[in-house]
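S.K.: Just the structure for this:
(2 chains, ligands or ions: 1)
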Amino acid sequence: MGELRYEAPDTIEAAVKLLARANGAARVLAGGTDVIVQMETDLIEPELLVDIKKIPQLREITAERGAYRVGAAVSCMELIEHEGFCRAWPGVIDGVKLIGSIQVKGRATMAGNLCNASPAADSVPALIAAGAQVTIAGPNGVRQAPVEAIPVSPGKTSLAKGEIVTSFLFPARPPRSGDAYLRFTPRTEMDIAVVGAGVNLTLDAGGTCTSARVALGAVAPTVLLVKEAAEALIGTRVGEAALDKLAKAASAACRPIDDKRGTKEYRIKVAGVLAGRAARQALERARQS
Amino acid sequence: MTNILEESGFDPNRKLRIVGTSPVKPDGRDKVTGRAKFGADLALPGMLVGKVLRSPHPHAIIKFIDTSRAQALPGVMAVVTRDDFPEIPPGTGEGDLTRNVMAREKALYDGHAVAAVAATSESIAKQALKLIRVDYEKLPHVIDAVEAMAPGAPILHEHLRAEGIKGAEDKPTNVVERQEFRMGDVEAGFREADVVIEREFRTCPIHQGYIEPQACVANWTKAGRVELWCCTQAHFGMRDNLASILDIPKEEICITGAEIGGAFGGKTIMYAEPLAIQLSRKAKRPVRIVLNRNEVFRATGPVSGTHSRIKMGVTRSGRFTAAEAEMVYQCGAFTGSMYYNGAQTMFTRYDLKNAKAVAYEVVSNRPKVNAFRAPGVPPVVFGVESVVDELAKAIGMDPLELRLKNAATEGYTTIYGETFGPIGFVETLEAAMKHEHYRAPHSGPNCGRGVAAGFWWNRAGDTSGKLRITADGSVNLLLGTIDIGGSRVSMCMMAAEELGIPLERVSAVIANTDQVSYNRLTAGSRVTFSSGIIVVDCARQAIAELRRRAAAAWNVSEQEVVYEDGTCRLARAGGAAPLSMAELVKRGGPISCSSTLAVTGAGPGFGVHIVDLEVDRETGGVKILRYTVVEDAGKAINRHQVEGQYQSGAAQGVGWALNEEYIYGEDGRLQNPSFLDYRMPVASDLPMIEAVIIEVPNPKHPYGLRGVGEVPVVPTLAAIANAITSAIGVRPYELPMSPPRLLKLIETAGTSKS
Ligand SMILES: Cc1cc2nc3c(=O)[nH]c(=O)nc-3n(C[C@H](O)[C@H](O)[C@H](O)COP(=O)(O)OP(=O)(O)OC[C@H]3O[C@@H](n4cnc5c(N)ncnc54)[C@H](O)[C@@H]3O)c2cc1C
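M.R.: Sure, this is the predicted structure:
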């Protein structure tokens, strides 16, 4: 075990440089609620930690013509306390609120939740359902990617060496839009999703669903964007039949494993149930918006 | 002169000033502000960090351990293995003890200690562990107790022969013992019954779930004495066990108990303490070992999992005619499940004449079990109280009414031979039946209500302590019993009550093993009862001494002196001015009283739980809506503390009932050694739990106390199972009643109905 180096640069460029030049294992440190736990339990032994919380740009939440940009080092509690964002994206907030306790959320970030690449990460299904994009800075410049392109397998991301997520971009919201995220855990708090479901939808003036995105967590190696489930809603008034179809499509898309957190069979069933319930809630919110 | 055990002085009409109120515990402030010194908080000059290497295999012969590379690492000051422990033959009590703390011939479970190092820093110690090479020869393993009983199962201990089974004496087995308790004629009893129900139940091992991992500091002094600071419920017992496995005279070991961050029975035996001592001996420096959560789960005290078959008969008019049970207790790698507790208490509370309980204890490749509130009892009462619920339904009787009809009362002789003195089961049942919770309607399509009852003896035993009156007239108690449940405040309250002085004038500290005589461990709900008797005994001695001094000062007989509210005065009016405690101490020097007794007279405790809950039919999730614990405390010395015991018992039972379980892989390794995946309830999983304190006094205690630590967890499992049955119409027979299991149950019921 070598010595651990800790750096806290104040620019994105400096952070990228440090990470790109690191010889051994290097990690971005955001809230540290995954990184520190993994170090404590000897799952990882990084030689370099690059703390990104001292980079002012990464701490900002800005509204850009109806769209929102959220810096990668914004803590979950900061986001939860942002009234405008909460009104626009209640479903994303549903997910963010479920991450650990208030103390954990005081440190934890959405970017950390995404880049930790757990299929059970609670903010990710809602982010994907929202159609959020990430901005990535790296040794070769800046690029954009949809959230769903980041995790590739449990614990692995598509980020190249030296790349960091700098912000999330949420598209401007059409009227009559609503989103929701629900997870199932045996406990009410401090638990890992056995299944998570995020639904985002928009209605026309007559109450017909014009667009929808459905994402499922903890039922496959990465969070799934389930097109068939969304299609079950689009063009309908989101009645019982459509919801039933959505639930079936959600269950059909699952490719879970049996593990200590739940059985395959159970996850498949509950994915459909939760997708249906999340859709109802998103519908409710869309009607009220 | 009679002693306090013969004549407690209990007076139901005594006016009490302090006992029965709810003062805040004096140790609370330091605990919530982080100033209390828990197991990991002690630091000594030159102290080293100890770390333990653990077997990744559930069952393997240890062929060879090479520590040379670890020893050569700079900063490593000592390494110990099995070779550093005296050889004690296997199959003896001490032989088991030493093999559990450090594997000898074989590693017997995932997490079994095989070596330990002491180094100048944690990172060096961790690195050193990686440099130790252990040559294992893997053996087939067995996790489940019933599988471990089957012919051809891997044998853990070649020397083990089942006790109590005829013809089994000459073959190695995993069965430690079979015990049978019986009374009356069970067969005849069942013939008298109109309804007989027989069911099988399964429960799985759970962890005590204390928040503070085990921690200790050991210092082998130059003088050859062992000083040990640790969080333990049993400092005297640990001293004796350490002496026997390390071959050190008891007198040379002094153990000081630290504040405890939860124990529940899980800190009654030793784990890393002997390793820290041997490391300190070798390194000639103090050594601290603090277990991490992973180690706590893999190597310390689960509670037994059980398989049980329970059969009970009832007449149409609601009289139990007979009860019978057969149980298998899984005990992990070594005996210790206290299976006999289950057999003795499972039916005890009903006035059965015909009963039989047979229990087996079986070893398997899991950590050795340890005590947990009412050790051995809740998992089998889960079965009994479930069957009682079914019987009530079968004869169409209210489930509490049925229990009341069969409630044991004073004079009943139990299956283990005790004849009850005054007990409060009837009063407890009646209070539950009258409680607003039980009378309130419970509705909702997926809601249900369940009730269940439970019993525990409460314990007594060897206890020793002291009381001093200091120069300013304050009182200091030196208690020989570790405080795990807030007992200190209750001791101070009893002393203050007895002496008639304000509570603020009494303080209490916990003695180390050098300062008072032997004390049985803090367990079995024995401490507030037993140490309380010691405190009252000391206080009465102190009052006698104060009166002697006043009589001498006034040149009168002791009979002419009245002691009242901390002062002595003449019985007749006029004459000398009263003398305060401080003045009397000034006159005759310090006052110190001590009491050492093999305490007897513990009073049995009974409890009834009522729970309302809702089941989500689509996910199998359970939400507890309302929970009421009704229990006889005899006397609540500190009401808040008693309520806390009731509530915590129910809370722990909820976890046991709904979600807690160990998940072992095919490879015999524990897959969920963390609080993330080992699902204990969190605060938001529980409603406010209402505690109803019933007080049917136990006259053997000066204030009528029984004990309240164990009973609160006994009925919970069945109360919840009964409520789930009422909610979904199908009965769970297996714990945990987790969402996937309930969902399956709901679906099978759905398909079988339609
Ligand atoms: C007690 C507890 C409870 C928890 N409960 C939940 C829960 O209910 N639901 C849930 O989803 N999670 C939970 N978590 C996990 C964790 O809190 C979340 O995943 C959190 O969002 C991680 O954010 P962080 O900022 O702390 O990440 P960090 O730990 O700082 O980082 C996580 C990973 O992402 C990388 N990373 C971080 N930021 C960036 C970036 N900008 N660019 C590139 N890589 C980056 C890090 O290098 C690391 O690999 C819990 C954790 C704890 C300790």
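S.K.: Count residues in the vicinity of A:L283, would you?
M.R.: 24 (other CB atoms under 10 Å in any protein chain shown). Heads up, the C-betas are built off the backbone N, CA and C, glycines and all.
S.K.: ugh, wrong one, I meant B:D472
M.R.: By other CB under 10 Å, 11 other residues sit near B:D472.
S.K.: OK, contacts around it?
M.R.: B:A582 (CB atoms under 8 Å, 6 or more residues apart in numbering or on different chains).
S.K.: if I look at it, how far off is B:A553?
M.R.: Distance, B:D472 to B:A553, by CB to CB, to the nearest Å: 19 Å.
S.K.: residue in the stretch 101-250 of chain A nearest to the ligand?
M.R.: Nearest residue of the stretch 101-250 of chain A to the ligand, counting by CB to the nearest ligand atom: A:G112, 2.1 Å away.
S.K.: Find the residue closest to that residue in space, skipping its chain neighbours.
M.R.: A:A30 (4.1 Å; CB to CB, 6 or more residues apart in numbering or on different chains).
S.K.: same question, B:A539
M.R.: Distances taken as CB to CB, 6+ apart put B:E498 closest to B:A539, at 3.8 Å, once the chain neighbours are dropped.
S.K.: do you know how far the closest residue to the ligand within chain B is from B:T300?
M.R.: Nearest to the ligand, among the residues of chain B, is B:L676, at 7.1 Å (CB to the nearest ligand atom). From B:L676 over to B:T300 the distance is 18 Å, taken as CB to CB.
S.K.: With A:S101 instead?
M.R.: With CB to CB as the criterion, A:S101 and B:T300 are 25 Å apart.
S.K.: Of the two, give the one with the bigger neighbour count.
M.R.: B:T300 (23 against 11).
S.K.: Residue 115: what's it in contact with?
M.R.: Assuming you mean chain A. A:C115 neighbours (CB under 8 Å, 6+ apart): A:V28, A:A30, A:I150, A:T157, A:L159, A:V165.
S.K.: Please refer instead to chain B.
M.R.: So B:A115 contacts B:V52, B:L53, B:I65, B:T67, B:V79, B:V80, B:T81, B:L129, B:I132, B:V134 (CB under 8 Å, 6+ apart).
S.K.: Now do the residue lying closest to the residue of chain B closest to the ligand once chain neighbours are set aside: how many residues are near it, please.
M.R.: Of all residues not flanking B:L676 in the chain, A:I192 sits nearest, at 6.3 Å (CB to CB, 6+ apart). Number of residues near A:I192 (other CB under 10 Å) recorded here: 21.
S.K.: Repeat that for A:E231.
M.R.: Around A:E231 there are 16 residues (other CB under 10 Å).
S.K.: what about it, is that helix, strand or coil?
M.R.: Assigned with DSSP: H, G, I helix; E, B strand; the rest coil, A:E231 falls in the helix class.
S.K.: Let me know the pLDDT of it.
M.R.: In this model, A:E231 is scored at 98, pLDDT.
S.K.: list the contacts for it?
M.R.: Going by CB under 8 Å, 6+ apart, A:E231 touches A:A212, A:A249.
S.K.: With the one 3 residues further on instead?
M.R.: Taking CB under 8 Å, 6+ apart as the criterion, A:I234 is in contact with A:C209, A:T210, A:S211, A:A212.
S.K.: Which among these count as buried?
M.R.: With neighbours counted using 16 or more other CB atoms under 10 Å in any protein chain shown, the contacts of A:I234 contain these buried positions: A:C209, A:A212.
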